[in-house]
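In: Return a 3D structure for these sequence lines:
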Amino acid sequence: MSRCDRCDRAIGPDDVAYLVWMWVVARVNDELVAGPWDGIAQAMADVAHCRGALPEEIVVADVHCRRSYLVCPACKERLLANPLGRPWPERE
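Out: Below you'll find the model as predicted:
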């Protein structure tokens, strides 16, 4: 049995669940692209230069990282409605 990564609800093998991917890519020199990034090696070199002598795995994580989360239907709806978890505006 799996559990929702957001609310820890049990998710059975036949229950509906969703896989949410998060892909974070650093903006380097005002350059970002939506698809696969051909300039990733140069971006890593630029960040490494700016950060000094950090280990490569730290520089790579700072430039590009992917995560995936298993979520229940209720959490999927909450994530789609407010993906950044910002507070809702006050009603006037």
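In: mind showing which ranges of the chain have poor pLDDT?
Out: Regions of the chain meeting the criterion pLDDT under 70 cover residues 28-41, 43-63.
In: Helices of that one, residue ranges please.
Out: 40-51, 56-63, 73-81 (DSSP state H).
In: got the CA positions of the last one in CSV?
Out: Once side chains and other backbone atoms are set aside, the C-alpha atoms of helix 73-81 remain, and they are given as CSV (Å, rounded to 0.1, in the frame of the first residue of the first chain):
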residue,chain,number,x,y,z
PRO,A,73,-7.4,12.8,-5.9
ALA,A,74,-8.1,15.5,-3.2
CYS,A,75,-4.5,16.6,-3.1
LYS,A,76,-4.3,16.7,-6.9
GLU,A,77,-7.2,19.1,-6.9
ARG,A,78,-5.6,21.3,-4.2
LEU,A,79,-2.3,21.3,-6.1
LEU,A,80,-4.0,22.3,-9.4
ALA,A,81,-6.0,25.0,-7.7
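In: Give the buried residues for that helix.
Out: By neighbour count with 16 or more other CB atoms under 10 Å, helix 73-81 contains the buried residues 75-76, 79. C-beta here means a position set from N, CA and C on the backbone, and glycine is covered the same way.
In: which helices and strands sit right next to it?
Out: For helix 73-81, the contact count by 3 or more CB pairs under 8 Å, 6 or more residues apart in numbering; DSSP states H and E identifies strand 18-25 as packing neighbours.
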